[in-house]
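A.B. asks: what's the 3D shape of this:
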Amino acid sequence: MSLIPPSPSAAEYARGSDRPEPELFLHDDPLALFAAWLEEAKASELNDPNATALATVDADGLPDVRMVLLKDLSGEGFTFYTNLESAKGRQLAAAPRAALLFHWKSLRRQVRVRGPVEAVSAAEADAYFATRARESQLGAWASDQSRPLDSRDTLRRRVAELDARFEGQAPPRPPHWSGWRLRPLQIEVWRDRAFRLHERVLFTRDRPDAPWSKTRLYP
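C.D. replies: Reported below is the predicted structural model:
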């Protein structure tokens, strides 16, 4: 028995696609469209509508990808946080360019984002870190992210030691933990349509403060 689902039938396409929605090419601001889609995803996605696949490259140019959580969206770009000494933190510091992919299965939509990244300010990182659960704050201190771990017990002991160290106070942000902001130069929006005749629109600009231009793409 094959583990791969078969292609949808014509009847299945008819049930699941071509909802009455305005053509994507009518939109001029991809960030506003993304924000609207994210709000819809909050109501329909089972888990983490702000989850995104983050792609980077290592020192050999080999691509790397993992899931992270979008924590801020503004006219400046897309912000996420991480251990700066992790694999992605080191890769971003060495090659400060990245790509994001948001895929909302419940809405049959995806958004691809590419551009340079920059470190957020210490004040921004402090403000976000202060909103995290205490256990997550302790975990940020305890984890040597992306490096070998001999056992789960070692990690648990570290968390317990840090909990005692910061007893009676909120743990401050670790110096090795902060955020990155991707400033988009390309945003591609994609919407499912029947029989793989999907809608794709690519928004591009030469620099982060320039106006957007747009192009329809074949599916």
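
A.B. asks: Three-state assignment for Ala123, please.
C.D. replies: Classification of Ala123 using DSSP: H, G, I helix; E, B strand; the rest coil returns helix.

A.B. asks: Could you measure from it over to Ser178?
C.D. replies: Distance of Ala123 to Ser178, given as C-beta to C-beta, to the nearest Å: 11 Å. Glycine gets a C-beta too; all of them are placed from N, C-alpha and C.

A.B. asks: give me the low-pLDDT residue ranges for this structure?
C.D. replies: By pLDDT under 70, the low-scoring segments of the chain are 1, 13-19.

A.B. asks: which residues of it fall in helices?
C.D. replies: With DSSP state H as the criterion, the chain has helices at 10-16, 30-44, 87-94, 122-131, 134-142, 152-165.

A.B. asks: and of these, who's closest to Pro63?
C.D. replies: Comparing those against Pro63 with C-beta to C-beta, the closest turns out to be helix 87-94 (9.9 Å).

A.B. asks: When Ala123 and Ser178 are compared, which one has more neighbours?
C.D. replies: Ser178 (21 against 8; other C-beta atoms under 10 Å).

A.B. asks: I'd like to know how far the more buried one sits from Ala55.
C.D. replies: Ser178 sits 20 Å away from Ala55, going by C-beta to C-beta.

A.B. asks: same thing with Lys71?
C.D. replies: 18 Å.

A.B. asks: that older thread, turn the helices of the chain into JSON lines, columns for distance to Gln110.
C.D. replies: Listed next are the helices of the chain as JSON lines, based on distance: least, C-beta to C-beta, whole Å:
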{"stretch": "helix 10-16", "distance to Gln110": "16"}
{"stretch": "helix 30-44", "distance to Gln110": "10"}
{"stretch": "helix 87-94", "distance to Gln110": "21"}
{"stretch": "helix 122-131", "distance to Gln110": "26"}
{"stretch": "helix 134-142", "distance to Gln110": "28"}
{"stretch": "helix 152-165", "distance to Gln110": "34"}
